[in-house]
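Fold the following and give me the result.
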Amino acid sequence: ISAADLWAFASCVATEVMGGPKIAFRAGRDDIPDPTGCVEEGRLPDADKGSDHLRSVFGRMGFSDKDIVVLSGAHTVGRCHGDRSGFEGAWTEAPLQWDNAYFKNILSKNYAAETTAAGNPQYRNADSDIIALETDLALTTDPEFKKYTEEFANDAEAFNKAYAETYQKLQELGWGSKGLTEIAW
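Numbering: from 1, shown residues only. I've put the predicted structure just below:
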């Protein structure tokens with residue numbers, strides 16, 4: 001098992017420990033000996049852009065609109081750190097608990113535009129101090145994204161099932177079934 005496998009597996013375990021779904025895991029990734037072998041920047045979406053940008057970034061990796069929405073649902077845990085991303089705040093009131101609150105929040109809460117200390121645009125809910133980014137709000141304004149956002153806001157089990165499948169697909173991107181071995185856990 002490589003260091004890359006350990007990081008990938010740790011994300012699966014962390015998701016489940018926080019209350020999320022069990023994600024199937026296959027090992028066999030190679031470690032990159034130096035940074036020159038890493039993928040180029042720009043594989044993640046710019047948080048200050050909308051639905052077309054999300055489709056451009058994820059579509060080239062083979063992800064559907066539903067996949068994009070379900071992966072965005074990972075914002076149900078964690079937070080932005082201004083010193084790392086230039087954005088600041090958590091998406092939910094319980095950022096260490098896995099649930100579908102992210103989808104409920106972006107559909108039901110009002111957000112006011114603000115600019116972070118780093119000069120980045122984001123949105124904040126005054127009542128609960130949670131945030132949304134432009135990419136988050138795109139899930140509520142784009143009709144195709146919105147139908148999945150509503151589905152996952154109303155059905156946590158549907159979100160968990162879709163997340164487990166899509167996150168495994170993300171982790172195995174570029175590997176497929178070549179050289180990866182199912183690990184029972």
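
What residues sit buried inside stretch 124-137?
124-125, 130-137 (16 or more other C-beta atoms under 10 Å). For every residue, glycine as well, the C-beta is placed using N, CA and C.

just stretch 20-33 next, same as before
20-21, 23-29.

just stretch 149-167 next, same as before
Those would be 149, 151-153, 156, 159-160, 162-164, 166-167, for stretch 149-167 by 16+ other C-beta under 10 Å.

With stretch 58-65 instead?
58, 63, 65.

pLDDT score for the nearest residue to the first one once chain neighbours are set aside?
It refers to residue 58. Of all residues not flanking residue 58 in the chain, residue 68 sits nearest, at 4.8 Å (C-beta to C-beta, 6 or more residues apart in numbering). What the model reports as pLDDT for residue 68 is 98.

ok, residue 68 to residue 29 distance?
Distance of residue 68 to residue 29, given as C-beta to C-beta, to the nearest Å: 24 Å.

Check residue 116 too.
34 Å.

do residue 73 as well
24 Å.

ok, now which residue in this structure is the farthest from the centroid?
Largest separation from the mean C-alpha position in the chain: residue 33, at 26.8 Å (C-alpha atoms, centre = their mean).

helix/strand/coil for that residue?
Secondary structure, DSSP: H, G, I helix; E, B strand; the rest coil: residue 33 is coil.

got a list of what it touches?
Applying C-beta atoms under 8 Å, 6 or more residues apart in numbering to residue 33 gives no contacts.

So for it, what's the pLDDT?
So, for residue 33, pLDDT stands at 83.

Does anything pack onto the worst-scoring helix or strand of the chain on mean pLDDT? Which helices or strands?
Lowest by mean pLDDT, DSSP states H and E among the helices and strands of the chain is strand 181-183, with a mean of 84. Applying 3 or more C-beta pairs under 8 Å, 6 or more residues apart in numbering; DSSP states H and E, one finds that strand 181-183 makes contact with strand 25-27.

What pairs with the strand it packs on, parallel or antiparallel?
Using DSSP bridges, strand 25-27 pairs in its sheet with strand 181-183 (antiparallel).

follow-up on the earlier one: roughly how far apart are the residue farthest from the centre of the chain and residue 2?
11 Å.

ranges for the helices of the protein?
Chain-ordered helices for the chain, with DSSP state H as the definition, fall at 3-17, 51-59, 65-72, 82-85, 101-108, 134-141, 143-154, 156-171.

residues in contact with the longest one?
This means helix 156-171. Identification of contacts with helix 156-171 by C-beta under 8 Å, 6+ apart yields 8, 11-12, 15, 20-25, 63, 66-67, 70-71, 73-74, 99-100, 103, 151-152.
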